[in-house]
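Undergrad: Sequence first, then the predicted structure, then my questions.
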Amino acid sequence: MTEPEVDLAHVWHATLLGLEDSGTPARDRAFLRIARLVGIVGETALLAVPYDHTKVFVETTLNDPVCNALAAELGHPVRLAVTVDGSLTSIEPDDADDGPSLVAAEHDDDHVGQTELQVTTAPPRDPITVNQLDDARLNPRYTFESFVVGQGNRFACAAAQAVAETPARSYNPLFVYGESGLGKTHLLHAIGNYVRSYYPQLRVLYVNSEEFTNDFINSIRDEAGRSFQKRYRDNVDVLLIDDVQFLQGKESTQEEFFHTFNALHNSQKQIVLSSDQPPKKLNGLEDRLRSRFEWGLTTDVTPPDLETRIAILRRKADSEKMQLPADVLTLIADKVATNIRELEGALIRVTAYASVSKQPVTVESASQVLKDLMVGNAAGQITIPLIMDQSAEFFDVTIDDLCGPSRSRSMANARQIAMYLCRELTDESLPHIGKYFGGRDHTTVMYADRKIRDLMGSKPHLFDQITELTSRVRRAANELGRG
Ligand SMILES: Nc1ncnc2c1ncn2[C@@H]1O[C@H](COP(=O)(O)OP(=O)(O)OP(=O)(O)O)[C@@H](O)[C@H]1O
């Protein structure tokens, strides 16, 4: 039982000040922002935090400093027990009517003497609307709730969540790197979606660095520099830039990005970046940009272990209302080991096959589908031009047709299947794929990908076309690989 004379709120407040005095970095203390001391039993202090990842972070990184600060306050040694209390996400009702407020304040931190934003929290708001989403360019499916945490992404997810909870106050910039298909884009969108729903007054913009480059080039062409700056500097509180490796070798875009970065950072706006490599290895980037990328926190995502892969498949199957036996999930997770996008692709194919053949999903049918999907997986590289070549031949059209404006049903079908395969079988980004298909916008590729996924299970002919075309693409890649 809690000792009656202890004022828990007071002790906790003093403990936070103690942590500040003892030099615990502000970015770490941000994890404790909406923690609550809920009890002291003997030498054990019970702390409630809002999220699982916060618990993990407090237990692994903050245990000692918190225990020491509490001990100093209470005058006896302290052990820490951390519990998760989801209701804490809606605390601080004082702000309920006004929404969040951003107050410039002098603050100590890693960048001593800089002015920093204080963010006061607002309670959860109504779900984000589609329109809201349009200008932020966020995918509503990519949230923290739909992100499965495992060993390979635990720290990245905790950092992303900290950034989302306290934009511009925890890590700025946050730099997430890792191989393709491991959830970087998902995390960037999750930050954006979270900020949109909890801080509706903050303006969020998600953009791939290729789009940033295109926008910049177009702004020079159209002499629209002012509106470019407005979009990326003046009208943004949280800028999420995906795949910054594509800035490599593009000097004038880098120059512009450098100024964008400085402008945002100086005015305490949050920047989140993703890349396939850590900043140090981005050799085609100017040093001044690389060093800025390291100002905040750099964290990687690594391939998920088997357990996490199974959990991802289960979450995905649940969200799509697919019924799948556990042994099938294990089989898929076992066969597709490195890339989560491929894992999802395999799941879709397995369920689509069961659906078009009107049979339940079994280990046998799943093995067969996976065999078709992965035939010849080991050899040559699958590229966008290769898929386009094979698609053109298969559908008896030309590459120009695939790139051209025709929207006839058969042409749209061929183009969308080809785009879907580019997304599924290569590591290329949406804007990159769009560029190959006659400079189409990345949203067109996203739409094609989604549409084919959705239709594959209800149209046997479509499923057969995709299966056949996939094996042709793989065979062609293998032949090229063998030289
Ligand atoms: N931990 C996870 N839990 C649930 N789904 C995940 C997880 N990680 C990745 N995914 C899913 O896998 C797919 C690929 O992830 P994402 O596009 O975020 O990867 P990426 O690292 O950005 O790849 P790229 O570098 O190629 O852009 C997405 O559909 C995403 O939702």
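TA: Sure thing, it's come through.
Undergrad: Can you classify residue 273 as helix, strand or coil?
TA: Of the three states, residue 273 takes strand according to DSSP: H, G, I helix; E, B strand; the rest coil.
Undergrad: now it: how far from residue 427?
TA: 18 Å (CB to CB, to the nearest Å). Just so you know, the C-beta spots here come from the backbone N, C-alpha and C atoms, and that holds for glycine as well.
Undergrad: ok, these two, which is more surrounded?
TA: Between residue 273 and residue 427, residue 273 has the larger neighbour count (other CB atoms under 10 Å), namely 25 against 14.
Undergrad: is it true that that one touches residue 293?
TA: Yes - shown here, residue 273 and residue 293 form a contact pair, counting by CB atoms under 8 Å, at 6.1 Å.
Undergrad: What residues does the stretch 251-400 of the chain have near the ligand?
TA: Contacts of the stretch 251-400 of the chain with the ligand, taken as CB under 6 Å from any ligand atom, map to 276, 312, 340-341, 344.
Undergrad: can you pick the most crowded of those residues?
TA: Counting by other CB under 10 Å, top hit in these: residue 340 with 24 neighbours.
Undergrad: these two touch, right, it and residue 183?
TA: Yes - at 6.1 Å, residue 340 and residue 183 qualify as touching, with contact defined as CB under 8 Å.
Undergrad: Break the chain into its domains for me.
TA: Domains of the chain are assigned by the TED database as 8-87, 144-300, 306-377, 384-481.
Undergrad: Could you tell me the end-to-end distance of the last one?
TA: The first and last residues of domain 384-481 sit 15 Å apart, counting by CA to CA, to the nearest Å.
Undergrad: Distance check, residue 171 against the ligand.
TA: 18 Å (CB to the nearest ligand atom, to the nearest Å).
Undergrad: How about the contacts made by that residue?
TA: Residue 171 sits next to 27, 159, 162-163, 296-297 when contact means CB atoms under 8 Å, 6 or more residues apart in numbering.
Undergrad: Could I get the pLDDT score of the nearest residue to it once chain neighbours are set aside?
TA: In this structure, residue 171 finds its nearest non-sequential neighbour in residue 297, 3.7 Å apart by CB to CB, 6 or more residues apart in numbering. Here the pLDDT value assigned to residue 297 is 96.
Undergrad: For residue 297, grab the count of nearby residues.
TA: 19.
Undergrad: in the stretch 101-250 of the chain, what residue is nearest the ligand?
TA: Closest residue of the stretch 101-250 of the chain to the ligand, CB to the nearest ligand atom: residue 183 (2.7 Å).
Undergrad: separation between that residue and residue 274?
TA: Applying CB to CB to residue 183 and residue 274 gives a distance of 10 Å.
Undergrad: about what we covered before: most neighbours among the contacts of residue 171, which one?
TA: The most crowded member of the contacts of residue 171, judged by other CB under 10 Å, is residue 163 (31 neighbours).
Undergrad: so that residue touches residue 174, yeah?
TA: Yes - contact criterion CB under 8 Å: residue 163 and residue 174 qualify, at 5.0 Å.
Undergrad: Give the residues shared as contacts by those two.
TA: With contacts taken as CB under 8 Å, 6+ apart, the residues that reach both residue 163 and residue 174 are 270, 272.
Undergrad: Next up, identify which helix or strand residue 175 is on.
TA: Per DSSP states H and E, residue 175 falls inside strand 174-178.
Undergrad: Quick one: residues contacting the residue lying closest to residue 416 once chain neighbours are set aside.
TA: Distances taken as CB to CB, 6+ apart put residue 448 closest to residue 416, at 3.9 Å, once the chain neighbours are dropped. Listed by CB under 8 Å, 6+ apart, the contact partners of residue 448 are 415-416, 419-420, 423.
Undergrad: Which secondary structure element is home to the residue nearest the centre of the chain?
TA: With distances taken as CA atoms, centre = their mean, residue 187 lies nearest the centre of the chain, 1.9 Å away. Per DSSP H and E: residue 187 is located in helix 184-198.
Undergrad: packing partners for that helix?
TA: On a contact count with 3 or more CB pairs under 8 Å, 6 or more residues apart in numbering; DSSP states H and E, helix 184-198 meets helix 130-136, helix 154-165, strand 174-178, strand 204-208, strand 238-242, strand 270-275.
Undergrad: Please identify which of these is closest to residue 308.
TA: Taking CB to CB, helix 154-165 is the member of those nearest to residue 308, at 9.6 Å.
Undergrad: So for that closest one, mean pLDDT?
TA: 97.
Undergrad: quick check: angle from it to strand 238-242?
TA: 150 degrees (axes from the mean of the first three to the mean of the last three CA atoms, to 10 degrees).
Undergrad: and the longest helix for the chain?
TA: Looking across the chain with DSSP state H, the single longest helix is helix 460-482.
Undergrad: Name the surrounding residues that touch that helix.
TA: Here helix 460-482 has contacts from 349, 352-353, 356-357, 372-373, 375-377, 379-383, 386-387, 389-391, 393-394, 417, 420-421, 425, 452, 455-457, using CB under 8 Å, 6+ apart.
Undergrad: Give the buried subset of the residues you listed as a PyMOL selection command.
TA: Typed into PyMOL, the line below selects the buried ones among those, using 16 or more other CB atoms under 10 Å:
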select buried, resi 349+352+353+356+373+380+382+383+386+387+389+390+391+394+417+420+421+425+452+455+456+457
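Undergrad: just checking, which of the contacts of helix 460-482 belong to helices?
TA: With DSSP H as the criterion, helices contain 349, 352-353, 356, 372-373, 386-387, 389-391, 393-394, 417, 420-421, 425, 452, 455-456 from among the contacts of helix 460-482.
Undergrad: about what we covered before: so what are the sheet partners of the strand holding residue 175 and their directions?
TA: Its sheet considered, strand 174-178 pairs with strand 270-275 (parallel), strand 297-301 (parallel) by DSSP bridges.
Undergrad: and of these, who's closest to residue 284?
TA: strand 270-275 (11.4 Å).
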